[in-house]
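Enquirer: I'll drop the sequence and a predicted model, then ask my questions.
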Amino acid sequence: MTLMISSEFPFEKKFIEVNGSKMAYVDEGEGPVVLFLHGNPTSSYLWRNIIPYVTDDHRAIAVDLIGMGDSGKPEIDYSFADHAAYLDRFIEALNLTDITLVIHDWGSALGMRYARLNEANVRGLVFMEAVIPPVFPVRDYEALGPEIGELFKNLRTPNIGEELVLQQNFFVETILPELGILRDLTEAEMAAYRAPYPTPESRKPTLRWPREIPIGGEPAETFAIVEMNGEWLMMTEMPKLFFYAEPGVLNPAPAVEYIQANLKNIETVFIGPGLHYIQEDNPHGIGEGLAAWLKQLGGSAV
């Protein structure tokens, strides 16, 4: 029997002040903390069909990154450093401890940075379609392949990127439904993803993210962070769970083989066909695998 993928978001959003703005989040269940981090251009909505798998015996928190979802849109650059500063303070403000991170896309780079710098406060790492070796950091545009390389070159080119992302809402209207998910999103799902970005100005965070991808050493700060994340990931004994799909986008087959061969204390789960936003193609496979792994993880804090 195929389980339905629901468009409903049956959770109440809560808000907390962080660095003079507000951050929105879901807070469901009780027990050890499981913190869900999304990427571009999504929000906590991405995790809606997965959260119920962990709330029987865990406290599931899914935050909207600053400038995204229902979180505030302060006048900042929305650089990786900005996002990291807001995320750090969010975790402090809620006094989250002994965290299991469930991370995707740019949420993976943010989550791995946090885990690397706060290893004693993180009990496990669950990642999928992540910004990690051997794909990232990227040597040059050509290393991304002809189509993806050309796409990201355009997104990082002044005026062209602004036209695509700010005017055409390219990440929500094209990358998400056409290049990132195999199934067709419903109108209700598209409406939920469009809601945070009704104007060109509101889309600023979704433009900055592709310009933060570490390509050819630039931007230098993000390049260094992603490189350090990768080195740490190869060394740490922290329990890890890696979900992957076929063909994937950020983590295609060669990357999966590299991850399986080089990471310590890792379990990998194949969830079937999928591109980048695999939570929209097989949320139940991810939820079931996550719930089983969390039970196995038990009380073993790092």
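Expert: Structure's in. What do you need?
Enquirer: only C-alpha atoms for contact and neighbour calcs from this point on.
Expert: Will do.
Enquirer: In contact with the closest residue to residue 251 other than its chain neighbours, which residues?
Expert: Closest residue in space to residue 251, ignoring its immediate chain neighbours: residue 129 at 5.4 Å, by C-alpha to C-alpha, 6 or more residues apart in numbering. Residue 129 sits next to 104, 105, 243, 244, 248, 249, 250, 251, 276, 277, 278 when contact means C-alpha atoms under 8 Å, 6 or more residues apart in numbering.
Enquirer: mind putting the residues you listed in JSON lines, pLDDT included?
Expert: Putting the contacts of residue 129 into JSON lines (pLDDT from 0 to 100) gives the following:
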{"residue": "104", "pLDDT": "98"}
{"residue": "105", "pLDDT": "98"}
{"residue": "243", "pLDDT": "98"}
{"residue": "244", "pLDDT": "98"}
{"residue": "248", "pLDDT": "96"}
{"residue": "249", "pLDDT": "94"}
{"residue": "250", "pLDDT": "93"}
{"residue": "251", "pLDDT": "95"}
{"residue": "276", "pLDDT": "97"}
{"residue": "277", "pLDDT": "98"}
{"residue": "278", "pLDDT": "98"}
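Enquirer: Filter those residues down to just the ones in strands.
Expert: Using DSSP state E, the members of the contacts of residue 129 that fall in strands are 104, 105, 243, 244.
Enquirer: my guess is the last one contacts residue 255, does it?
Expert: No: using C-alpha atoms under 8 Å, residue 244 is not in contact with residue 255; the gap is 9.9 Å.
Enquirer: For those two, indicate the residue with more neighbours.
Expert: In this view residue 244 and residue 255 are compared by other C-alpha atoms under 10 Å, and residue 244 has more residues nearby, 28 against 18.
Enquirer: Without its sequence neighbours, what residue ends up closest to the more buried one?
Expert: Counting by C-alpha to C-alpha, 6+ apart, the residue nearest residue 244 is residue 270, at 5.1 Å.
Enquirer: Shouldn't the one you found be within a strand?
Expert: Yes: using DSSP: H, G, I helix; E, B strand; the rest coil, the secondary structure at residue 270 is a strand.
Enquirer: if I look at it, how far off is residue 40?
Expert: Separation of residue 270 from residue 40 (C-alpha to C-alpha, to the nearest Å): 23 Å.
Enquirer: Between those two, which has more neighbouring residues?
Expert: residue 40 (22 against 14).
Enquirer: That one falls within a helix, correct?
Expert: No: with three-state DSSP as the criterion, residue 40 is assigned coil and is not in a helix.
Enquirer: Let me know the pLDDT of it.
Expert: Looking at residue 40, its pLDDT is 98.
Enquirer: One more: residue 2?
Expert: If you check residue 2, the pLDDT there is 67.
Enquirer: Just among the ones in strands among the contacts of residue 129, which is most surrounded?
Expert: residue 244 (28 neighbours).
Enquirer: ok, the spatially most central residue of the chain - contacts?
Expert: The centroid of the chain falls nearest to residue 104 when counting by C-alpha atoms, centre = their mean (2.7 Å). Contacts for residue 104 (C-alpha under 8 Å, 6+ apart) come out as 37, 38, 39, 127, 128, 129, 130.
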